[in-house]
Each structure stands twice: as structure tokens, then as C-alpha cells.
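1. fold the following for me, if possible:
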Amino acid sequence: MPKERTHAGKKGSWQRLSTALEANKAELGHLETPRIKLATHLGRVQEITQEQSALTASKQELSKQLQALMDETSRLTNMLRVAVKEHYGPRSEKLTEFGLQPFRGLARKEKPLPPPEDATAKS
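-> Purely as a prediction, here's the structure:
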């Protein structure tokens, strides 16, 4: 029989062994103490697995709640930034206090110089 590598495979293998030991405990009386210990460990493994599943579900739900709250907060802060800009005006330097960039005009591009006129082209 190949060695189990996954948690589920190991748990299944251990459970089958425990069931077989339980069914043959009359013949294997000298293994009673380790058999009971195995049954106890299997019970604890099952409890922890169930708890882990519950926490995974809880984590997923909390992740959904966090994402919804992040989206709502993002919309709220965007609205507040617009309101602050409306209150102080788009050119006010006071906007920097709120982490906003005041409008300081557009950078003008230099107009390219016209090409020099040829003296021979005029005649």
C-alpha cells in the first residue's frame, strides 16, 4: 500500500487502522493503551480540522466585509476631497494640507521658432 501524503489521506488511513484495531481488540489486548491513545488523537485531529474549516469560512466572510468597507471608505474619501476642493477652491494652497494638489496652471510649451527664410527664395 503506498504511503499517504495528504492530510485527508493520512486521516483516512489512520481511521481505517483505528477501526481495524477496535474490531480486533480481543486478539490485540497488549495494544489497548496505544489504541485508545490513537482514538483520542484522531478525535482531536477531527476537532481541529473542523475548527480550521470554520476559521477559513470566517476569514472569507471577514475578507468580504473588509473589501466592502474599503470600497465604501474609498467612495467617502473621494467625496470629501471633492467637497474640500469645492469649499477652498481649486487654486487654494490650503488644499495641500488635505493631501490635494492645487491647480497652479498648465505648463506652457515653448512655441517652435519658425524656420529661417532663405534670401534666395525671396527673389
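2. by mean pLDDT, point me to the weakest helix or strand of this structure.
-> One helix or strand of the chain scores below all others by mean pLDDT, DSSP states H and E: helix 119-122, with a mean of 59.
3. where does the protein have low pLDDT?
-> 1, 119-123 (pLDDT under 70).
4. just the helices in it please.
-> In the chain, the segments counted as helices under DSSP state H are 7-23, 32-88, 119-122.
5. what about stretch 68-78, distance to the chain center?
-> Computed by Cα atoms, centre = their mean, to the nearest Å, the chain-centroid distance of stretch 68-78 equals 17 Å.
6. next one: stretch 83-93
-> 36 Å.
7. what does stretch 55-73 give?
-> 9 Å.
8. now stretch 82-93: buried residues?
-> Across stretch 82-93, burial judged by 16 or more other Cβ atoms under 10 Å covers 84-85, 88. In short, each C-beta sits where N, CA and C put it, glycine included.
9. which residues sit against it?
-> For stretch 82-93, the external contacting residues (Cβ atoms under 8 Å, 6 or more residues apart in numbering) are 94-95, 98, 100, 102-104.
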